[in-house]
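A.B. asks: Sharing a sequence plus its predicted fold:
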Amino acid sequence: MPWVVRDAVRDINRAVARRWQSVDPLLPDPSAMPTGCGAPLVVHGDNGRVAGLGVCVHHHVPADSLNQTWGAADRFLLTPRLTGQDTMAPADSLLSQWRDHLAGVAAARGEDTSAGIVWPSRDITGVRALLRHGLQPLTVIAARTRPEAPAAPARQIPGITIRAAGPRDEERVLGLELRLIQFDGHFGGPVWRRDTADLVRQEVRISLQRQAMWTWLAERHGHAIGLLVAQPPPEAGWIAGMTSRSPAAYLQTMFIQPEDRGTGVGAALVRALHARLDAGGASVTLLHHSQVNPLSGPFWNRMGYRPLWTSWEARPARALR
Ligand SMILES: CC(C)(COP(=O)(O)OP(=O)(O)OC[C@H]1O[C@@H](n2cnc3c(N)ncnc32)[C@H](O)[C@@H]1OP(=O)(O)O)[C@@H](O)C(=O)NCCC(=O)NCCS
C-alpha cells in the first residue's frame, strides 16, 4: 500500500474511532482495513478531502461448510470507514460506488449471493442511506455487559431440570438445533441446504465431546424441551474483536420448544449461563439474533442484552440499488 494511502487510512481510522466511541462505548476501535477485491472505494467531502473509504471483500462459502447454512454461498461484504458526525451523504456516495463496482463482478450476478454491511446499531445517521440502496436489517449482534451487582440467581421451575449435555445427548441436541434453524429460516437469514442436517450433526458431535463448549439441556420428566449452547471466552475469540470490552463470551444457540415457551425455562437457562460467566470474569456476552424475529428481541432485552451491530443485506447481491 503506498504511504499516502496508508496515512489516509490511519487518519480516517482515528477519526472513526473517536466517532464510534461517542456513538457507543461498546464498539471497538476500527480494525485494519481488509484487502479487498479491488481498489478501495473513496468518498470525498464538500471540501474535497477524503471523508471515507470502503473495501469490498468477496467470500465464497463452499457447500460442504456449515457456514453456507447461515447465508448466501457468495457473500460480498463492504467494510466502511466514514468520518464526520452525519454519515448519510458519505454512506450514500459509498453505497452508489459499491453498487457500480458489483455490477462489474460476474460472480455477484447469481441468485445465491448477498451484498452485506455490518453497521453500528446506534449509528442512526446512515440508516436512510442503507434503506435507500435496498439493504434490509437482517441480524443483530446484541451485547450484555456484566452487571455491577451479581445478577439474580436462576429460578427453580417445578418439574424442570437443567443439566450439561454430553456425547450421549447427540440426538436430543441435534433435534432442537434443527428446529431452531427451521424457525430462523422464516426471517430470511439461514438457508436450509441439502447437507444442513448432516453438517449440524457433525458440529454437535464434535462440540459435545469438548468440555470447552457449554451445551445445556432443559428437561421435563427426562424429555429435552430447551437448549442453550455457549462459548466461554477462550472459545469466542473469533467474535471478541466486535466489542471494546474483554473478555467476551458468545451465546450461540437458544431454543425452547413452542409448547413450553413463556414459562420461564428460557430465562432459567440464560440466568444459569450468566451466573457462570459473571463468576468466571467474562466482561461481555455477545449473541446474534434475527432483527425481525418477534420472540427474540423482547426476550434478549429482558435478559440484559441490547443491539451493538446490525447486519444489513441485499439478497441476491444485484438487489443492491
Ligand atoms: C426466545 C425464547 C428462547 C424465549 O424463551 P421462553 O422460555 O419463552 O422465555 P421465558 O418464559 O423464560 O421469558 C423470560 C422473560 O422474557 C419475556 N419474554 C419472553 N418472550 C417474550 C416475547 N416474545 N415478548 C415479550 N416478552 C417475552 C417473558 O415475559 C419473561 O419476562 P419476565 O422476566 O418479566 O417474566 C423462545 O421464545 C424461543 O425458543 N423462541 C424460538 C427460538 C428463538 O427465537 N431463539 C432465540 C433466537 S437467538
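C.D. replies: Yep, it's here.
A.B. asks: tell me, which helix in the chain spans the most residues?
C.D. replies: If you go by DSSP state H, the chain has its longest helix at helix 3-23.
A.B. asks: hmm, who's touching that one?
C.D. replies: 1, 27-30, 32-33, 40, 50, 52-53, 81-85, 120, 122-123 (Cβ atoms under 8 Å, 6 or more residues apart in numbering). From N, CA and C alone the C-beta is placed, and that goes for glycine too.
A.B. asks: Buried subset of these as a ChimeraX selection?
C.D. replies: Selection of buried members from those for ChimeraX, criterion 16 or more other Cβ atoms under 10 Å:
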select :27,28,30,33,40,50,52,53,81,82,83,84,120,122,123
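A.B. asks: ok, residue 45 touching residue 82?
C.D. replies: No - if you go by Cβ atoms under 8 Å, residue 45 and residue 82 don't touch, sitting 10.2 Å apart.
A.B. asks: which residues are common contacts for the two?
C.D. replies: Joint contacts of residue 45 and residue 82 (Cβ under 8 Å, 6+ apart) are 51, 90.
A.B. asks: What separation do you get for the residue in the chain sticking out farthest from the centre and the ligand?
C.D. replies: Farthest-out residue of the chain from its mean C-alpha position, per Cα atoms, centre = their mean: residue 47, at 35.9 Å. Distance of residue 47 to the ligand, computed by Cβ to the nearest ligand atom, to the nearest Å: 44 Å.
A.B. asks: Residue 195 now?
C.D. replies: 23 Å.
A.B. asks: Looking at per-residue confidence, what score does the residue of the stretch 1-150 of the chain found nearest the ligand get?
C.D. replies: Here the stretch 1-150 of the chain gets closest to the ligand at one residue, residue 142, 8.8 Å apart by Cβ to the nearest ligand atom. Per-residue confidence (pLDDT) for residue 142: 98.
A.B. asks: what do you get for the one 10 residues further on?
C.D. replies: Per-residue confidence for residue 152 comes out at a pLDDT of 79.
A.B. asks: tell me the secondary structure for the residue nearest to it when sequence neighbours are not counted?
C.D. replies: Closest residue to residue 152 apart from its sequence neighbours, by Cβ to Cβ, 6 or more residues apart in numbering: residue 271 at 6.8 Å. Of the three states, residue 271 takes helix under DSSP: H, G, I helix; E, B strand; the rest coil.
A.B. asks: pretty sure residue 271 is in contact with residue 154, am I right?
C.D. replies: Yes - because the distance of 3.8 Å satisfies Cβ under 8 Å, residue 271 is recorded as touching residue 154.
A.B. asks: circling back to that earlier point, now for the residue nearest to residue 152, how many residues are close by?
C.D. replies: 19 (other Cβ atoms under 10 Å).
A.B. asks: From residue 129, how far out is it?
C.D. replies: Distance from residue 271 to residue 129, counting by Cβ to Cβ, to the nearest Å: 39 Å.
A.B. asks: residue contacts, residue 233?
C.D. replies: 240, 247, 248, 249, 280, 282.
A.B. asks: Pop the domain breakdown of the chain in here.
C.D. replies: 3-138+313-319, 160-310 (automatic domain parsing).
A.B. asks: need the contact list for the residue nearest to residue 132 when sequence neighbours are not counted.
C.D. replies: Setting aside the residues directly before and after it, residue 132 is nearest to residue 92 in space (Cβ to Cβ, 6+ apart), at 6.8 Å. Residues counted as contacts of residue 92 (Cβ under 8 Å, 6+ apart) are 129, 132, 133.
A.B. asks: In helices, which of those fall?
C.D. replies: Going by DSSP H, the helices hold 129, 132 from the contacts of residue 92.
A.B. asks: out of the contacts of residue 92, which are buried?
C.D. replies: 129, 133.
A.B. asks: Can you lay out the contacts of residue 92 as a markdown table showing pLDDT?
C.D. replies: Compiled in a markdown table, those are given as follows (pLDDT from 0 to 100):
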| residue | pLDDT |
| --- | --- |
| 129 | 98 |
| 132 | 98 |
| 133 | 98 |
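A.B. asks: Export the contacts of residue 92 as JSON lines, with columns for distance to residue 169.
C.D. replies: Output for these, formatted as JSON lines (distance: Cβ to Cβ, whole Å):
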{"residue": "129", "distance to residue 169": "47"}
{"residue": "132", "distance to residue 169": "48"}
{"residue": "133", "distance to residue 169": "45"}
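A.B. asks: The contacts of residue 92: which ones sit near the ligand?
C.D. replies: Restricting these to those touching the ligand (Cβ under 6 Å from any ligand atom) yields no residues.
A.B. asks: just the contacts of residue 92 now: which is nearest residue 192?
C.D. replies: residue 133 (27.8 Å; Cβ to Cβ).
A.B. asks: where do the helices sit along this structure?
C.D. replies: Under DSSP H, the chain gives helices at 3-23, 88-103, 127-132, 170-184, 196-209, 237-240, 265-280, 296-302.
A.B. asks: quick one on the thing from earlier: what's around the residue of the stretch 1-150 of the chain closest to the ligand, how many residues?
C.D. replies: Around residue 142 there are 24 residues (other Cβ under 10 Å).
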